[in-house]
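Asks: need coordinates for the following:
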Amino acid sequence: MTQIQPTLFVPHGSPTFALRPGAAGAALSAMAASLALPRAIVIVSAHWDTTEPTVGFAERPETIHDFWGFPDELYEIRYPATGCPEASREVVAAIANAGLPVASDAGRGLDHGAWVPLRLMFPDAEVPVIPLSIQSRGGPAQAYKLGQALAPLREKGFLVIASGNVTHNLNDFRMATRNSAQTPDYVRQFSNWLADTLDAQDIDALLDYRRQAPGGAQAHPSDEHLLPFYVALGAGGENAEATRFHAGIDNYVIAMDAYSFLPKKGG
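Replies: A predicted model of the protein is given here:
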């Protein structure tokens, strides 16, 4: 009998997270170690943005170094993932069955939003990886629907990992790293609001975060780094129980919170 997998929202932080994983990296590694080995991983990264949901079919997805001006050793890292066309087809079918448009990409590799957390969680690359894009124009509601479309895959041994950041303000990041600034108030305020609102199961408020959350627009001048959170939330299913299994701040302004969504017992 296939064990039902949780869905996960994980941080990928700054690219240097790959070199200095710290407490957040340890939490991701421990979470992965606690799971039954999945049949395949669907990885949703904030850094693959398309007009419609697109599923990767590459049998050997390349490691994409989609960042500039970082230490040379980052560009030498390779994550030797394999794909699985059969599993990719099942992801396409799940999205289509939910009435959403879906496309495929035979050559898509793994950007740093994908390979950085995967390398920490599955360092031996023993599980096939299926990349799936976000659609920033659709906002949180569309991302949530995309996640709901993936929910049936949990019962087939798929592990959905959505990778973003609870706060992501590049201007504040640049200023903070140059000036060794203190953490702005909105970083903790928004992180705590997200956790509290999730605990209250107020999905409508979560989807309306830009208006309802303290510091919502500062935490996310644009939506894309929070959209994977909504994919994970939707993929957890209506009876999912959310757990924040890590909370912390890196580089002064990046909230590195991580969440799991597990079916409630008897749900």
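Asks: okay, and the helix or strand of the protein with the least pLDDT?
Replies: Lowest by mean pLDDT, DSSP states H and E among the helices and strands of the chain is helix 170-179, with a mean of 77.
Asks: show me which residues of that helix are buried.
Replies: By neighbour count on 16 or more other C-beta atoms under 10 Å, the buried set for helix 170-179 is 172, 173, 176. Where you see a C-beta, it was placed from the backbone N, CA and C, and this is true even at glycine.
Asks: now do stretch 201-219
Replies: Going by neighbour count (16+ other C-beta under 10 Å), the buried part of stretch 201-219 is 203, 205, 206, 207, 208, 209, 213, 215, 216, 218, 219.
Asks: now do stretch 135-146
Replies: Neighbour-count burial for stretch 135-146 [16+ other C-beta under 10 Å]: 135, 136, 138, 139, 140, 142, 143, 144, 145, 146.
Asks: coming back round to it: which one of the buried residues of helix 170-179 is nearest residue 199?
Replies: residue 172 (26.5 Å; C-beta to C-beta).
Asks: and for that closest one, nearest residue in space, chain neighbours not counted?
Replies: The spatially closest residue to residue 172, leaving aside those adjacent along the chain, is residue 253, at 4.6 Å (C-beta to C-beta, 6 or more residues apart in numbering).
Asks: for that neighbour, give its distance to residue 187.
Replies: To residue 187, residue 253 is 6 Å away according to C-beta to C-beta, to the nearest Å.
Asks: and for residue 202?
Replies: In terms of C-beta to C-beta, residue 202 sits 21 Å off from residue 187.
Asks: re earlier: could you dump the buried residues of stretch 135-146 into CSV and include distance to residue 46, pLDDT and secondary structure?
Replies: Shown next, in CSV, are the buried residues of stretch 135-146 (distance: C-beta to C-beta, whole Å; pLDDT from 0 to 100; DSSP: H, G, I helix; E, B strand; the rest coil):
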residue, distance to residue 46, pLDDT, secondary structure
135, 11, 98, coil
136, 9, 97, helix
138, 14, 97, helix
139, 14, 97, helix
140, 13, 98, helix
142, 14, 98, helix
143, 10, 98, helix
144, 15, 98, helix
145, 17, 98, helix
146, 13, 98, helix
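Asks: many thanks, I have nothing further to ask.
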